[in-house]
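Below is the sequence, then the predicted model.
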Amino acid sequence: MLLRLLIPILIFIPLAILQLTVVPLISIDFIVPDLILILLVFFTLRNGQIYGSILGFLLGLLFDLVSGGLIGAAMFSKTLAGFLAGYFFSEKRVETNLDSTMFIVIIFICAFVDSLFYSLLASSETDITIINLFFEFGILPAFYTAAVSLPIIVFKPSNRII
Amino acid sequence: MKKIFKNLFENFKEYFLVVSLLIISLSILSLNDKPEIRKIKSYSFGTFALFNSLTSKAVDIFSNQNEIRELKKVNAELMLKVNSFREYGLENLKLKKMLDFKDTSNVPLVSARVISTLISKTQGNLIINVGSIDSVKTGMPVITDQGLVGIIVNVSKDFSLVRTLYNNNFKIAVRNQSSNVDGILGWDGIMLIIKNIPTTYEMNPGDRIISSDFSTLVPPQIPIGIIIKKENSVSGLLSNIIVKPFAEIRSVRNVFVMSIKPAKQIQVLESNILK
């Protein structure tokens, strides 16, 4: 388990650098794709729900630490997203899940939950409407993250590498 | 009994695990203002910022950063001067006393480069490449040549964390430069709003918003933004003022830290606002 957690954590380092330096350049009205979430879902679909929850917790903690955000917000949302992604894990369907449009759908669902809970926890505003919460804080970031994850289906790393 | 618990744990171990992890996350979230957590935070973002700094340099490789930085510094100084002159002009027109007018044009500026940006609907943060070694301290305002960007909330040796105007937790006392109406400006996740201003007060689209004399977080008369819309509430008694910031905070690359140290007594009183 520890060794299996080490690989995504090592991949996290360059991804977090990209997330904080390059990804802001492609933001659309404060909406950015979440590369860390794509990493989390990718590994959760290969290793299962317990693994996904723990990995989400660790990646969230690391991201909170390196981004200067509220410590605990990404931890919570990514743990939940990892847990949710784990529901789609099936040993027989690992390759199908990672190759097909199903992967995009899973990314979309997990990104929606992740973004929604991150915004809820990190926000001190009480005036946010339900429509705003779901659409601007949930669906739009999830849509962008899902769109960015498209190349993974095309250029999926082989099992030997990861 | 032991067997029942064991079976229960075996069947629902995923749920036990996720609930435990979520509880830990929430507990840590509530400890964010503790000095120990702040220390860990400043150490971790300071260390990681080194990597970000290298990537950021690679992104900026095609631009002449030194020249741009110098020119922007001159612009920032001029912006502060222009705003002071504008203030003098308005005060003269209204025949007000100018005795207690504070000049902000001689504030020493520390130039800095943004090396990473946390873009989120609620948590706008920047990390800049100046830290305690450059005499940067928590609470110092950060500006561009156009206006206010945010405030320093955490400092490591070589890097600092800036809470921008696009952060839910950053509220600032502001003033309409034309009508002198004061209010509190905050980010609601979508736009910058001054809430609950009586509709009879003069707050019109096009008016300039600057930092208020009441603000102890930032010095007075720093340009913040321009009113773009006035929305009346259902009752018609109060209105929300929507402000567009002068500074392009999302794409900002070079900023200046105003080396102003707030008075200690005021800082203690205001510490709750900074948290």
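Okay, I see it. Remember, predicted model here, so these are calculated numbers, not experimental data. Numbering: from 1, shown residues only, chains lettered A, B, ... in the order given.

which element is the residue of chain B found nearest chain A on?
When scored by CB to the nearest CB, chain B has B:Leu29 as its residue closest to chain A, at 2.9 Å. In this view, the C-beta of every residue, glycine as well, is placed from N, C-alpha and C. B:Leu29 is part of helix B:13-30, with elements assigned from DSSP states H and E.

got a list of what the residue lying closest to B:Val174 once chain neighbours are set aside touches?
Spatial nearest neighbour of B:Val174, chain neighbours left out: B:Leu185 (4.5 Å); criterion: CB to CB, 6 or more residues apart in numbering or on different chains. Contact analysis of B:Leu185 by CB atoms under 8 Å, 6 or more residues apart in numbering or on different chains lists B:165, B:171-174, B:192-194, B:209, B:224, B:243.

Am I right that B:Gly236 falls within a helix?
No: per DSSP: H, G, I helix; E, B strand; the rest coil, B:Gly236 lies outside any helix segment and is coil.

what's the neighbour count on it?
8 (other CB atoms under 10 Å in any protein chain shown).

returning to what we had before: my read: the residue of chain B closest to chain A touches A:Leu121, true?
Yes: the pair B:Leu29 / A:Leu121 is scored as a contact, 6.4 Å apart, by CB atoms under 8 Å.

joint contacts of these two?
A:70, A:72-73, A:76.

residue boundaries of the helices in chain A?
A:2-21, A:35-47, A:49-67, A:73-86, A:94-99, A:101-122, A:130-134, A:140-148, A:150-154 (DSSP state H).

how far off helix A:49-67 does the fourth one point, in degrees?
In this case it means helix A:73-86. 150 degrees (axes from the mean of the first three to the mean of the last three CA atoms, to 10 degrees).

Identify the residue nearest the residue in chain A that chain B sits nearest to in space, chain neighbours excluded?
At 2.9 Å from chain B, A:Gly72 is the closest residue in chain A, using CB to the nearest CB. Nearest in space to A:Gly72, with sequence neighbours left out and distances taken as CB to CB, 6+ apart, is B:Leu29 at 2.9 Å.

residue contacts, that neighbour?
Counted by CB under 8 Å, 6+ apart, B:Leu29 has contacts A:70-73, A:75-76, A:121.

residue contacts, the spatially most central residue of chain A?
In chain A, the residue lying closest to the centroid (CA atoms, centre = their mean) is A:Leu37, at 1.3 Å. Taking CB under 8 Å, 6+ apart, we find A:Leu37 in contact with A:78, A:81, A:107, A:110-111, A:114, A:145.

Now restrict these to buried residues only.
A:78, A:81, A:107, A:110-111, A:114, A:145 (16 or more other CB atoms under 10 Å in any protein chain shown).

Taking those residues together, which two end up most distant?
A:Lys78 and A:Ile107 (13.3 Å; CB to CB).

In chain B, spot the helix with the most residues.
helix B:65-93.

Distance from the chain centre to it, please.
20 Å (CA atoms, centre = their mean, to the nearest Å).

strands paired with the helix or strand following it, and their directions?
Per DSSP H and E, the first helix or strand lying C-terminal to helix B:65-93 is strand B:109-118. Taking DSSP bridges as the criterion, strand B:109-118 sits next to strand B:123-128 (antiparallel), strand B:254-258 (antiparallel) in its sheet.

now the last one against helix B:65-93, angle please.
Spelled out, that is strand B:254-258. 50 degrees.

Please spell out which residues along strand B:254-258 are buried.
Result for strand B:254-258 [16+ other CB under 10 Å]: buried residues B:254-258.
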